Every structure is written in C-alpha cells, then in structure tokens.
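Participant: Pasting the sequence and the predicted model now:
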Amino acid sequence: MAGNDWVNSYLEAILDVDRSLGDGKSSLLLRERGRFSPTRYFVEEVITGFDETDLHRSWIRAAATRSPQERNTRLENLCWRIWNLARKKKQLEGEESRRSAQRQREHEKGRREATADMSEDTSEGEKGDMFLDVSTHSSSTDARMHRNSSMGIVEDWSSQYKEHKLYIVLISLHGLIRGENMELGRDSDTGGQVKYVVELARALGAMLGVYRVDLLTRQVSAPDVDWSYGEPTEMLNTGKNECSMQEHGESCGAYIIRIPFGPKDKYIPKELLWPHIPEFVDGALCHIIQMSKVLGKQIGGGQPVWPIAVHGHYADAGDAAALISGVLNVPMLFTGHSLGRDKLEQLLKQGRMSRDEINTTYKIMRRIEAEELCLDVSEIVITSTKQEIEEQWRLYNGFDLVLERKLRARIRRGVSCHGRYMPRMVVIPPGMEFHHIAGHDSDGELERSQDNHQNPPIWSEIMRFFSNPCKPMILALARPDPKKNLTMLVKAFGECRPLQELANLTLIMGNRDDIDEMSGTSAAVLLSILKLIDKYDLYGQVAYPKHHKQSDVPEIYRLAAKTKAAAHGLPIVATKNGGPVDIHRVLDNGLLVDPHDQQSIANALLKLVSDKQLWLRCRQNGLKNIHRFSWPEHCKTYLSRIISCKPRQPQWKRSGDKVENSEAFSPSESLRDIQDLSLSPKLSLDGEKIDGGGPLDTLGPEEKAATGKSNVENAVLTLSKGILGVSEKHVHSVSTSEFPKFKRKKRVFVVAVDCCSVSETLEVIRNVMKSGGKDSKDSAVGFILSMALKISEIQSLLSSGGMSISDFDAFIYNSGGALCYPSEGSEDGLPGLPVVVDMDYQGHIEYRWGGESLRKTLFRWAASVNDKSEGKILVAEDDSTSAPHCISFTVNDPEHIPSVKELRKLMRTQALRCHVMYCQSGSRLNVIPVLASRFQALRYLRVRWGVDLANFVVFVGENGDTDYEGLIGGAHKTVILKGVGSRSTKFQSGRSYPLEHVVPFDSPNVAQSKGSDVESIVEALATVGLDKS
C-alpha cells in the first residue's frame, strides 16, 4: 500500500486540474456523464488505490496546515470529502453484503416450503433420483455429455423438419439495428447485442424448416441518425437463392421490422424506453396478426400461421415479449445479454452511487422487475455460459437452481409439480460467421500475402504505429470500458520487458474523433491507457487506431494471425471466470488467467509468444473445433429447444367453425417446460380439486387438449349457474355474428376507475357514459366495465345505481381474471341478466396457474401475517369472491400488511407464477394468473375480435389498484380523471420503482381531465383528438 504522500500528490493534482471544485456543480459527483473529467479520474484512483487510514491522515495533515492560502483550505475540504466518500463506499458494500445474505435465506426458505409441498407424493426412489439428478447437473463432465446428446438430437434436423414452415419472432428494442454496416460502438446501446440478433435472424432464416423470421425493433426517424433506421422493413440476406424463395413464397426469409413507438423524431437511450413499451406491444401485435393472415394464405391453407415462439433479447424486449406471448398464447424465449441484478451489485460494490442514484440513472429496478417477469413467463432462457446461470440468474427471486432441478426430475417422471414452474436454462454459445474467413495452409502462404499490394487499408493503419512490424502481434478488441480490463493488459505488457522484445500490442478500442467528445467512462479508460503508454515508453510497440469499420474486423484478425480469434487460428489468453471457461473447454486453444493478476496475464502472454509448439497446438485446436460455434450449429440447437416446448397458439370457436387448435409437431422424447393438465392440480369452480393422477393421464395428446378444454367449459358453466343464476343454455360459444356489440361501434369507452366508494364509482360511470352519448338512440360508442370485483358484485353495483348489465358491451372482472359479454334477455326469468363467459379467454390465461397449491401457499402467508398481529385478523381468504382464476382475500387492516412486491417475492421464491395485486383501496387482495390483467384483457379483445385499440379510450383515476400502471400507455387513448382514486396512493408506493419510470404521462394519447364531471371529460377527450361527435 502506498503511503500518505502519494495520496497528497493525487489531491494536489485534483486541485491543479479543477479550480471550480467549490461550486455546486463539482465534478466530484461521480455520476456525472459527458465530457472527460480529470477530477473524477484522480478521485477514482484515490478511492480504489488507498485505504481509509491513508485518506484520514491526509485530512489531518491538511487540517493542521493553517496557511492563509486558499489552496490549503481547499485541500482540507477536498480531503474530508474524499475520505467521507471512501467511508460511504465501505458502508454500501456492507449493506449489499447483508442484502445478499438475506436473499440467500429467502431462497432457502422458499425452496424448503416448495419441497415440503411436493414431498407428499414423492417416493423414496424418486428422492434418490433427484439427488442424482442434481449431482449430474453439477458435474462438468456430465454437462459436456448432456451437450453432446443434445447435438445428437439435432444432427438430422434438415432431413426431419425441412418440410415444416416455422414463423419465429425475435425482439430487440434498443440501439440502432440494420442488416449491413452496423454502427457498433456508436453508443452504449449499439453494441454486441445488435450484431448478435441480426446474425441470429439471418442464420435462422437460412435454416430448412424455417419459413419466416421477423426481428422487431424500434423505428427511428431522427435527424441525428441515418435514414435507414426509419425504413419500416428491411430484408436480410440469408443466402437462400431467388428460386428457392419463389418456391416457398414471397414472404419467406428474414426481415427487420421497425415498429414506431416512443417520441417521434428522437433517438433515446434504453433507460427512457420503459414507458413506451406498451405502445410497441400494440404495434407489434398489429404486425404479427397481419403477417399470420398473409402466411396463412401462402402456407397455412387459409388458416392463420402464428409464431412458434416469441424471443425477447434484453430486459426491455423481454418485457414486451412476455406481454405478446400472453396475448397470443404462444411460447416465449428470453436471452438476458446483461442482467440488472448483476449490474446493480457491481455498481454498489464500486461505491460511486447510492441505490437511489443507480435507480434514477439506469431505471434498474424496473429492469429487474422485467427480468423477473421473463422468468415467470419464459419456457426457455438462453444463456451463453454456465456462469450466467450459476452466478447471475441465482440472484433473482424467480430462479433457484436446486429447485429447478427438482422440478425437472419430477417432470421427467410424470409426477405433479403442484403448480410450480421454472424456465429451462439452456446454454447455447453465440454463433460465428465464417464466410469471410480464408483458410491458412502454411506460414509461407501468409508471408506471400504480406507482400501483396492489395492488403486491406486497415493493415497499414495499424502497422504505422510499430517500429518493428515483423514482431508477432498481441490483439485486444474491445470498447474502452473499465470491465474490459484493457488498462491491466497494458500494465502487464509495459512491466514485462521480455514480452515487449518479442511482440507488439494492438488495441482496437472502438471509434473516436476527439477524446473530449467521448462519454466520461470511455474517455477515462482511454486517457489511462495513453498515460500508461507514456509511463512505460511503449511508443512504437502499441497500436491504437482511431477508426475502423465493421468489415475491417476479420481483416484485423487475419493480420494478427499472420505474424477471439480461434476462427483465424489465434491462441487466446482469457479470464478464468465466466464464459471463456466454457469456450476454452471445447476449443482448448489458449490459456486462462486471473484477470486481476497482472503478473499472471504477462506470464501467459509470454508463454504463448515464446513457445512456438504451444502456439501451434492452440492454433490447430482452435481451427479444428471452431465449427461447434458456427451459426448453423447454434440454430440447430436453438430450434431443437423450441420444438421441445408444448405448442400453443390462439384458439377459439367461431360461428360455424371448428375449434382452432392445430397441434404442431414435437418430439415425444423431449422434455416439456409446460406441463400437461395432468401434471397440474386445478381448482374447479365448484371447489373440487382436479388432481394430476386422474383419467386424463391415460389420454393421448389430442384427447388431453380436448379434455382440458372441456374442464374449463364445465367450470364456467358452474360459475354461471351457481353465482349468477344463469341457465346453462345461455352460456354458449361466443359467435362472431352476435358478440360482442362493440365490434360495430365507432369507439369504445373502457371504464377502469378504482374508486374509494360506491357512490363515486357510480357517478364516474354515469358521467363517462353521458360523455359518450349513451342516452342517445343510436350511440356510436360502446362501453366496457373493467373492475376488480366479481361479476355478481358488479351486477349489484349497477342495480344500486339504476343501471343494468345490458348497458355495457363487455365486462372485465376479477382484476382481469375473467371476461364476459351481456346476453340477449333471460327467458327463464332468473335473477340477473344472463351473460356469456368467454371460455376461450379462460383457457388463454390458464398458463402456469398454480391453482390449489397456490391457494395453500397464500393461506399459509395469511396465517403468518395474522400471527404477527397479536391476535388481530389482518387478512383472510374470501371464498365468496374467489373464482377459478382469481384467489381473493379480504384485507382488514391495509396499513399493516406486507407490500405487493414482498408478496410477489414470496411467490417467486417458491416457483409459483401469478399476478398479485391489492384492490379496492387495499381492502382486497386478488391473485390471478401471471398472464392475466385488465390491460392484457383489452389486447385479447383486439386479437380475438379484430378491433382496433386506437379506437378505445380507457378512463382511469389519478391512482388505483396496484395494476394501475398497465392501463396507461399503448395504442389506446387514456383519460386520467383528476381527484379519483386519490386514497390509493400508498399502494402505488409499494412498487420497486417510481410510476414516472413506466407511465408515459407526456404521450399525446394520454390526457388529464380537470375533474370527473361530464364537461371535463369531454374536454379531455378533445385533447386526445376525440370530439363529442
């Protein structure tokens, strides 16, 4: 550890470079962004390089020097501030350590409770098998055997599935995406993920059996970006010839589809996209629905061809993919690329920012919640390495590696998982393109090519840096980011004289024009490297060109191969932590080192450069095994995983049609992530438990699907007869010729206010209906009521206000757990008007519903809450308001119950997937299926009936139930009624992130009224472009 004098020298340097330290905009605020700050650079060095004792001594020394000069006064102040900053960092590290321990305890508790619930029907033999299964997964040798067997499954892909015509949807929202001349490194959002998704789409489009691939992203028509990013459609060159495409159809191939959403004429960073994701979802649904019809005419025999899967990339696209998957009832895949909890931990460890500052800057809690939702919904989560699973995904409430393996073992044996689900984690390393790689047969050929006058321009751009260009080259290609560890590499090179004598160092660090114009972090790294080059006098030995094109990258590798790169035969020195370990295990083409051990890095580089036999062996191994990382191999594994999922797609009955339920192919021996109805106990509407060991187990796949459908139908009939008093003959399939009435309306008003009293609710409903001209004879406006109440409560509410069910066109009730339409009269004269329950919606939201096991867990939770209340009953299950897809509890004291995020965490740690929300000003708790909600029900209506959501207006209050945020934003218009639902504010504060992070209050589709009276509502409607007519 350096002494006190070195600390003082750093502090003196800070004063020299920044004379504005005392003002309110001090660059000691480490979260600043933009131009490079020398002050911040020196503070970073002080905090990371010296301990608290050194910093404290510096402060004491500065304070003891009572010179009249301003310099010493500023030095004292500066020492004190930096000392406190270091102490704050240590405090944050301690807090994060405690949080990590608490998270571990919660995971273990959830695992124990879930295992206890499932232990009732677990035989001794199965317990032993499950132990073996866990051991097998933890063995690297057996993991490799598992990988080889997976590859064996897909070897015959082309011959087995080439006749199939799959439609796949990929989603990647942020950054600038195009097929050619990608501007990688232009900003932090346009990096490796952009290249990955484009190449994945192109490679999938070239596979036999894949008819069409759509890569959905954001359309950007901003003056500061190229016009090509504003093109709605871009076709990717997949390598299929023109004749082949004509044979398959004009829509065959891979395409980039750009959906307009968010601010027009403005390119914004990913952190600001969250409020606009609902708008993307609605736009993406329009495209997918239209494309399904087009493909149906070309290859589906007139029936829509739905995507076999929707694949989200990164948290923002994963959030969108989860919503689209729920609306279309199709499987979802997810790739995180970078995970929010891991980033949060790293930032907290650095101590530069508090948790609140991190959340404000990166919207990190919204990102984490999106990733938790992806775990709830995804059938497959694709990772690049085992390390991502074991070290990063383990941080999430919704994933536990031990519990996942136990559930996997039960699925293999056909044993009920009691409503618990985990996504399947699959390691599929990214692919590589080999078309630009030329084989190198001998060193002589390489030498001959060196004299060729047609050498690429980038070669001369690099070679001009070297005083001896004939020496072998050490190549590092990465953007200037602290986590890329480039400064450590330069230090290792600079302090190893033998390595300098044997090799040159080339650093390809993105593109730059002026360091002062770079982001603060990148500029700091680059300046550090330049200072190290000067410190070690490495001029003539290190190249760091300012510019290169994407097309230059293969040529750079080829230059290095002459004198990440296994494709070109280059041995590697890589970190022994994370992804490179998995790659090295397969390729065996280099050495692994501790990235924080400077001497270890230097020794490994020196060993490879000086030992020619080792260099040749690593080079040959890399060239021999690199084909395992080709895109065709990646796609074969990828597609084999997709077809192992149980196929799902939109299905419903229509007038004169059969049920749309085509069973797609699926290998019988593959593991399914979605359990059959036989493996999930359900709670029927009359309270009977439908266990997994019943006669359904003896049926074939088609019979199971049909029986499962009839179970839902029978349950709905029971609901209609037992709760509503509706005769069975009035509950029938919803016919396009009869229902719903809003299909014939010009506009649809959706009343989704969550008021605090019955009188306020009735007043708002009346005023909204009057503003829509309900009293007129031929109103062009339809009305839908969307509430947390059950349908019988809604009927009573309307009756008390002199209204009836027939005044509305549809009802979304139980917080989105059910959907029904009014029927035409009641011939039997039973109490209440008959309704038609949308049974297809019931089947739509069934996905991963925990049923009875979920109810038992919630009952235990309620009991634990009551036990802590000294005899008071704070929360109790309410059987009268519960339904097949809505478990309800009455909350007697909303002030003393856990927040909704705590309850969601509890459910996720036990692998129970559901949507938890507090309703009715906190007096009720509703738990519904994970893909059910009031806003998802509206999107279901759009897909089911072909209505245009742009013609919908949703009325909400200033606050509401805890699902309130989802009702604002999207293709529909939203009117926020001022003064309505204001007492629900405290339940909104229970979320992990501010409402402003997710709600587009500045959207032209959102208006706030001055009040809830008719005149104010009409005025607000005019604001969103709707006049009274």
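Facilitator: Sure thing, it's come through.
Participant: alpha carbons only for contacts and neighbour counts from here, please
Facilitator: Will do.
Participant: Nearest the geometric middle of this structure, what residue?
Facilitator: Ala315 (2.4 Å; C-alpha atoms, centre = their mean).
Participant: Go ahead and confirm Leu407 touches Cys417.
Facilitator: Yes. Under the criterion of C-alpha atoms under 8 Å, Leu407 makes contact with Cys417 at 6.4 Å.
Participant: Neighbour count: those two, which is higher?
Facilitator: Legend: neighbour count by other C-alpha atoms under 10 Å for Leu407 and Cys417, higher for Cys417 (27 against 24).
Participant: Could you tell me what pLDDT the model assigned to that one?
Facilitator: Here the pLDDT value assigned to Cys417 is 89.
Participant: what's the spacing between it and Leu403?
Facilitator: 11 Å (C-alpha to C-alpha, to the nearest Å).
Participant: what does Pro554 give?
Facilitator: 44 Å.
Participant: Neighbour count: these two, which is higher?
Facilitator: Neighbour count, other C-alpha under 10 Å: between Pro554 and Leu403, Leu403 has more, with 24 against 17.
Participant: got the phi/psi numbers for Ala954?
Facilitator: Check again: residue 954 is Val, not Ala. phi -100, psi 130 (degrees, to the nearest 10).
Participant: How is Glu763 assigned, secondary-structure-wise?
Facilitator: Here Glu763 is helix, with the state taken from DSSP: H, G, I helix; E, B strand; the rest coil.
Participant: quick one: it from Pro472, how far?
Facilitator: For Glu763, the distance to Pro472 - C-alpha to C-alpha - is 81 Å.
Participant: which of the two has more neighbours?
Facilitator: A count of neighbours by other C-alpha under 10 Å puts Pro472 above the other of Glu763 and Pro472, at 17 against 14.
Participant: pretty sure that one is touching Leu559, no?
Facilitator: No. Between Pro472 and Leu559 there is no contact under C-alpha under 8 Å: 9.8 Å.
Participant: Just the pLDDT for the residue nearest to the centre of the chain.
Facilitator: 96.
Participant: give me the element it is part of.
Facilitator: helix 314-328 (DSSP states H and E).
Participant: Quick check: next helix or strand after that helix?
Facilitator: strand 332-335.
Participant: what lines up beside the helix or strand hosting Val956 in the sheet?
Facilitator: If you go by DSSP H and E, Val956 is part of strand 952-957. Strand 952-957 pairs in its sheet with strand 747-751 (parallel), strand 973-977 (parallel), by DSSP bridges.
Participant: Reformat these into CSV and put mean neighbour count, mean pLDDT and distance to Glu199 next to each item.
Facilitator: What follows is these, written out as CSV (neighbours: other C-alpha atoms under 10 Å; pLDDT from 0 to 100; distance: least, C-alpha to C-alpha, whole Å):
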stretch, mean neighbour count, mean pLDDT, distance to Glu199
strand 747-751, 24, 95, 42
strand 973-977, 25, 95, 37
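Participant: Make JSON lines out of the ones you listed and add distance to Pro269.
Facilitator: Listed next are the strands paired with strand 952-957 as JSON lines, based on distance: least, C-alpha to C-alpha, whole Å:
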{"stretch": "strand 747-751", "distance to Pro269": "33"}
{"stretch": "strand 973-977", "distance to Pro269": "25"}
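Participant: How is this protein divided into domains?
Facilitator: Using the TED database, the domain ranges for the chain come out as 45-62+73-85, 160-180+190-238+250-384, 459-625, 742-847+931-1028.
Participant: Distance to Asp878 added to these, as CSV?
Facilitator: Below are these laid out as CSV (distance: least, C-alpha to C-alpha, whole Å):
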stretch, distance to Asp878
domain 45-62+73-85, 52
domain 160-180+190-238+250-384, 26
domain 459-625, 49
domain 742-847+931-1028, 12
